[in-house]
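In: One predicted model, sequence on top.
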Amino acid sequence: MLRSALRLAFTAAMLFSLVAFFLKRPDEPVVTCETVNGGRNNYRVLVVGESWATGGKFFPELPETVSRRLGGRGVEACAIGFSGRNSKLLYYELLEKFPLEKLYGLWDEKKPDSVVLMTGVNDEIQHIGPAAYVEYTKKLMEYFTRVEDVELISVPRVNERSYKSPNLFSRIKRKILMCFWDNCEMQANDVYRIALYRDHPELRVIDFDDFIPRYRSHESCYTADGVHLTDPCLHKYGVFVGKALALTEETPGARPSPGAQ
């Protein structure tokens, strides 16, 4: 009797958590754009990501760095931030709210020259599982097949152990999914990274470790929750990403080392 009751309770909790996994967030994605050295033939950069991309706090450093690499050419950069979304939710919301025609409208109906995805943090802390992370990361990359340069930043180093879910429901859901998908491992960063490389080694990935190799000894770059960068470090992150992007149209000899500050 007791075993049946426990089994029923666990099943109900699991179904409750899985339903919550697919729920949409009420807050809208945030679009932020910035132009550096504007001209007639601006280079167009699109950043799509989670809260790290919200508000474009890595501007103006990202477009400024790209502009220098392109010999002073104008750069129009836009960031779309889907705060709190894992890759699955982000993918479906991107399709719904930003069809390609609307995205191209950010640059007068022109497609971006470069796209960079900043995803994975919510996949890890929400424990959606490596299979889902891999599947929807690949789908996100494929959404931009018409763009020549499409890159992904590897799952950033965060301190999941210090992260506190916003409410009791989120804490329960997180614990259940952590054991269901990630073998009860709280820190699943490398598991997700390895799964993506194993299944899709062809994807172009910028290694976040070239910016911050580990959370420990870099705590000053993070806010109190351990999963978001401080504003000063987001500006440094913009420089890092601008240096790391594989720009097909780059001026010869202009690309610096991504790790250089």
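Out: Okay, I see it.
In: Can you tell me the closest non-neighbouring residue to the residue most central in space within the chain?
Out: Per CA atoms, centre = their mean, the C-alpha nearest to the average position across the chain is that of residue 119, at 1.8 Å. Leaving out its chain neighbours, the residue that sits closest to residue 119 by CB to CB, 6 or more residues apart in numbering is residue 87, at 5.2 Å. In this view, the C-beta of every residue, glycine as well, is placed from N, C-alpha and C.
In: Against residue 223, how distant is that neighbour?
Out: Using CB to CB, to the nearest Å, residue 87 is found at 22 Å from residue 223.
In: Check residue 63 too.
Out: According to CB to CB, residue 63 stands 24 Å off from residue 223.
In: more crowded one of those two?
Out: residue 63 (27 against 11; other CB atoms under 10 Å).
In: how much space is there between the residue nearest to the centre of the chain and residue 229?
Out: 15 Å.
In: May I have the residues that are in contact with the residue nearest to residue 119?
Out: Residues near residue 87 by CB atoms under 8 Å, 6 or more residues apart in numbering: 119-120, 122-123, 128, 132-133, 136-137, 140.
In: what's the answer for residue 221, then?
Out: By CB under 8 Å, 6+ apart, the neighbours of residue 221 are 212, 229-230, 233, 236.
In: change it to 10 Å
Out: 157, 211-212, 215, 228-230, 232-234, 236-237 (CB atoms under 10 Å, 6 or more residues apart in numbering).
In: same thing with residue 184?
Out: Counting by CB under 10 Å, 6+ apart, residue 184 touches 127, 175, 178.
In: Those residues into a markdown table, with extra columns for secondary structure?
Out: Shown next, in a markdown table, are those (DSSP: H, G, I helix; E, B strand; the rest coil):
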| residue | secondary structure |
| --- | --- |
| 127 | coil |
| 175 | helix |
| 178 | helix |
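In: Name the nearest residue to residue 226, sequence neighbours excluded.
Out: residue 159 (3.4 Å).
In: Residue 126: how many residues sit nearby?
Out: Neighbours of residue 126 (other CB under 10 Å): 23.
In: Surely it is in contact with residue 176?
Out: No: with contact defined as CB atoms under 10 Å, residue 126 does not count as touching residue 176 (11.2 Å).
In: tell me the strands in the stretch 51-200 of the chain, going along the chain?
Out: All strands of the stretch 51-200 of the chain, identified by DSSP state E, counting those that start in this stretch, fall at 75-81, 114-118, 149-153.
In: And the longest one, what does it pack against?
Out: Other elements packing on strand 75-81 under the criterion 3 or more CB pairs under 10 Å, 6 or more residues apart in numbering; DSSP states H and E are strand 30-36, strand 43-49, helix 61-69, helix 87-97, strand 114-118, helix 231-244.
In: try 8 Å
Out: Helices and strands touching strand 75-81, by 3 or more CB pairs under 8 Å, 6 or more residues apart in numbering; DSSP states H and E, are strand 30-36, strand 43-49, helix 61-69.
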